[in-house]
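Colleague: generate a structure from the sequence data that follows.
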Amino acid sequence: MMDKRTTLALLLMAALLIVYPAIFMRQEPDKSPQTTETPTAPPKPAEAPTAPTEAVAVPVPLKEAPAAPERTAVVETPLYRAEIVSAGGRIQGWELHYRGDKPMVAPGILISRGLLVNRPGQPPRSIGFTVSTDKLGLTVAGGPDELVLTGEDGFGLRITESLTFHPDSYVVDHRLKVENRHRQAQSAEIMVAWLGAVELPKDTHERFQGQHPIRTVRLVEGSVHREVLAKTGEFNGQGQWIGLESEWYLTALIPRSAGFRLSESKVSEARQDAPKPLEYSQVALRATLPTLDPGQTWEGQAQSYIGPKEYDRLKAVGAGLENSIYFGGFPAPREYGGLPMEWLVVPVLWLMHRFYAFTHNYGVAIILLTVITKVIFFPLTIKSMTSMKAMQALQPQINALRSKYKSDPQRLQRETMELYRVHKVNPLGGCLPMVVQIPIFYALYVALSVSVEIQNAPFICFGRFFGVDLWICDLAAHDPTYILPILMGISMFVQQKMTPVMGDPRQAKMMLFMPVVFTFMFLNLPAGLVLYWTLSNVLQIAQQKYMERMSRKNEKAPARATKKA
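Modeller: Residues are numbered from 1 along each chain as shown. The predicted structure follows:
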């Protein structure tokens, strides 16, 4: 039997066990851990409001995820070099091996946000992943390889992202797996996003033409929607793909399984080195997870494309990415009922690439393309020149009619048409053959304008002298010596002097000023376009010379026959 002191001690110990947790072990409110950022990454932009996810009956308490050491995985392929950081699985670097080394991903230009988890009332959370390896080296013979990222969000969701890289493609396959390792059912939203700076910071410059994206673009129900970054609006819906583009390069996200939505929004971030917040256009794939019971998983698949806008490569992806190349329309954009120019431009591109495969010089390929086009349309050119010569022969009589009926325009028109009928001359005969050729020539122009293949492609390059290329070392850049635009202007002037004069002679004299205007217009155009235009003028001059020689022979033949008789 216990004495009183022993009994009192037991009671005090029991009281202490009951009271101590209530006083000294009170539950602290949940606090979201800060997203891990790499030293080179810019501060994370504030996220735009997200759509509410499915509510959970019981709030899931936050549990700090174990901190994973910061690691960077390097992926080397024949087409690019990529750097994937464990913080969020962000693509920290993506350097294209495409006509020189071109860094696509760069702070203040194009930024990967990696994979984020959104929950109601919580800021977007970046996952601290572990990476399966620090280096992947891909070869065409070895085929694709995989990098696996694994991490937890602090609420019991375990996320695995498997990235498959291909040695012969700019496509990356994303396989996502989300497992609920908590004892309570829960849901969330996951997001893969890219940011494009609306304006380049003052201390940032493009390393190559097209590095900075200038538009958002998406394909929804077969229709392409593009908008300059400064006018980016809000979009959240289904579609085939979404991305950021320049004229020649594309960064796109492609859903490959159900549940993903395309998202477009404007976000901003405050930086210490900038007087005002920087604006970004964000494109993303979002997926709202179903309510996952403990141990239940969700899986999704997507792809990303980061590379040049080569038509064949984009079409090979099989998601309609080739629609990111804007071919325009003739005579009006497609939405206004015009002819879709890709019907004409794509065959021209195919032919130019075949010539390049044979010559290994895009300048020579442009020359061959121009020559073949002129040969094909030579019969139409002959018909046009013949009609213009006939009109020129009637010009004195037309001028006489103008003087005679200058106060009676209707009578002038009737007499002029009667003159054409008597001499069997069609006043439109010189124009119609040229009108037929305009869509083809415009297709050539567009094909050269959208061809990223001619970037850094030399034509006749002797090297550099005092920092200036000699002569054309980049068909996508202007001729630094301005020799080619001047030759174009001279050829255009000669062509106009040889063209038969029709209509008002004063207008003909004004047209002689056009070569000067065109020369100044062409000074800063890509050398590939100027080469095409110059050669086209030269071939036109040769055709006109041929026509004049044939005309003189035809005139001399009856005279010789009469003299012989």
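Colleague: could you list the low-pLDDT ranges of the stretch 1-150 of the chain?
Modeller: Within the stretch 1-150 of the chain, the stretches with pLDDT under 70 are 1-68.
Colleague: how about the helices in it?
Modeller: Per DSSP state H, counting those that start in this stretch, the stretch 1-150 of the chain carries helices over the ranges 4-24.
Colleague: residues contacting Met511?
Modeller: Neighbouring residues of Met511 by CB atoms under 8 Å, 6 or more residues apart in numbering: Gln496. All C-beta spots, glycine's among them, are computed from the backbone N, C-alpha and C.
Colleague: could you do the one 5 residues further on as well?
Modeller: Contacts were defined as CB under 8 Å, 6+ apart; by that measure Val516 touches Gly489.
Colleague: may I have the secondary structure class of it?
Modeller: helix (DSSP: H, G, I helix; E, B strand; the rest coil).
Colleague: the bottom helix or strand of this structure by mean pLDDT?
Modeller: When the helices and strands of the chain are scored by mean pLDDT, DSSP states H and E, helix 4-24 comes last with a mean of 41.
Colleague: is Val375 in a helix, a strand, or coil?
Modeller: Put simply, Val375 is helix when judged by three-state DSSP.
Colleague: can you check the one 10 residues further on too?
Modeller: Following three-state DSSP, Met385 is assigned to helix.
Colleague: what about it, how many neighbours?
Modeller: 24 (other CB atoms under 10 Å).
Colleague: over to His360?
Modeller: Using other CB under 10 Å, His360 is surrounded by 9 other residues.
Colleague: and the one 10 residues further on, by the same measure?
Modeller: The number of residues packed near Thr370 is 20, by other CB under 10 Å.
Colleague: repeat that for Ala230.
Modeller: Quick note: Ala230 (other CB under 10 Å) scores 12 neighbours.
Colleague: ok, which stretches of the stretch 351-500 of the chain are strands?
Modeller: Here the stretch 351-500 of the chain has its strands, by DSSP state E, counting those that start in this stretch, at 460-465, 468-472.
Colleague: got TSV for those, with distance to Gly156 too?
Modeller: Converted to TSV, the strands of the stretch 351-500 of the chain look like this (distance: least, CB to CB, whole Å):
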stretch	distance to Gly156
strand 460-465	60
strand 468-472	60
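Colleague: among the ones you listed, which is the most enclosed?
Modeller: strand 468-472 (a mean of 17; mean count of other CB atoms under 10 Å).
Colleague: closest to Pro69 out of the strands of the stretch 351-500 of the chain?
Modeller: Pro69 lies closest, by CB to CB, to one member of the strands of the stretch 351-500 of the chain: strand 460-465, at 45.7 Å.
Colleague: tell me which strands the closest one pairs with, and in which orientation.
Modeller: With DSSP bridges as the test, strand 460-465 is paired with strand 468-472 (antiparallel).
Colleague: and the nearest residue to Asp469 once chain neighbours are set aside, how many neighbours?
Modeller: In space, Asp469 comes closest to Pro480 once its chain neighbours are excluded; the distance is 5.1 Å by CB to CB, 6 or more residues apart in numbering. Neighbourhood size, Pro480 [other CB under 10 Å]: 16.
Colleague: what about the top helix by length along the chain, average pLDDT?
Modeller: Longest helix of the chain, by residue count under DSSP state H: helix 527-564. For helix 527-564, the mean pLDDT works out to 78.
Colleague: that helix to strand 460-465, inter-axis angle?
Modeller: Per axes from the mean of the first three to the mean of the last three CA atoms, to 10 degrees, the angle that helix 527-564 makes with strand 460-465 is 140 degrees.
Colleague: can I get the strands of the stretch 351-500 of the chain in TSV with distance to Leu380 and mean pLDDT?
Modeller: TSV is the format used below for the strands of the stretch 351-500 of the chain (distance: least, CB to CB, whole Å; pLDDT from 0 to 100):
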stretch	distance to Leu380	mean pLDDT
strand 460-465	32	82
strand 468-472	31	81
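Colleague: closest to Val117 out of these?
Modeller: strand 468-472 (49.8 Å).
Colleague: what residues does that closest one touch?
Modeller: Contacts of strand 468-472 (CB under 8 Å, 6+ apart): 363, 458-464, 479-481, 483-484, 527, 531.
Colleague: closest to Ile376 out of those residues?
Modeller: The closest of those to Ile376 turns out to be Leu531 (CB to CB; 19.2 Å).
Colleague: got phi/psi on the residue nearest to Asp469?
Modeller: Backbone dihedrals for Pro480, given as degrees, to the nearest 10, come out at phi -70, psi -20.
Colleague: thank you kindly, that will do.
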